[in-house]
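In: Predicted coordinates and the sequence they were generated for:
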Amino acid sequence: MKIVPWCDSPEFLCQFDVLYIDGQPVRIRSSRVHKGNVLATLEGVSDVNAAMRLKGKKVSIDRTGVELPDGRHFLADLMGLEVRDADTGEVLGEIKDILTPPAHEVYVVKGGAHSYLIPAVDEFLKETNVEGGYIRVHLIEGMETDV
């Protein structure tokens with residue numbers, strides 16, 4: 001089964017013995033990274049037809065005991081965070097989606113009549129406070145969009 005990871009390191013998913021597919025635990029027999037995706041052999045998935053039935057399903061992990069390095073966050077924890085302009089304090093909106101192109105994540109921020117595409121790089125991300133429910137960003141021309 002091919003898993004398209006929603007994290008910055010597909011290798012991260014290979015450390016788990018169990019994944020959850022639509023909330024149901026499934027034991028992993030083997031896994032490896034190939035071209036940025038995770039290829040996994042799952043118990044109970046013995047042929048192509050069984051694998052195809054899993055296409056499009058949500059895959060998750062049990063986060064209990066998982067420690068991320070300082071400054072790293074689960075993307076799911078960023079969804080819905082309030083986004084503030086670091087220079088003015090103005091609330092721009094909230095993170096509605098996170099795009100994951102090869103270079104780095106891009107936060108899709110929507111608020112009122114405005115939308116923004118903000119690259120998740122230090123130049124633009126000034127503070128991420130998941131516990132406080134917000135991030136502060138430095139905007140530049142061209143980040144406002146019609147998305």
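Out: Ah, there it is. Numbering: from 1, shown residues only.

In: Please count neighbours and contacts with C-alpha atoms only from this point.
Out: Will do.

In: Can you give me the separation between H104 and R63?
Out: Computed as CA to CA, to the nearest Å, the H104 to R63 distance reads 23 Å.

In: same deal with F12?
Out: Remark: distance between F12 and R63 (CA to CA) = 12 Å.

In: The two: which has the busier surroundings?
Out: More crowded of F12 and R63, by other CA atoms under 10 Å: F12, with 12 against 8.

In: Confidence-wise, which helix or strand of this structure is lowest on average?
Out: Taking mean pLDDT, DSSP states H and E as the measure, helix 10-13 is the helix or strand of the chain with the lowest mean score, a mean of 87.

In: Pull the residues that contact it.
Out: The contact list for helix 10-13, computed with CA atoms under 8 Å, 6 or more residues apart in numbering, reads P5, R32, V33, G36, N37, V38.

In: Quick check: of those, which has the highest neighbour count?
Out: Taking other CA under 10 Å as the neighbour criterion, V38 ranks highest of the contacts of helix 10-13 with 20 neighbours.
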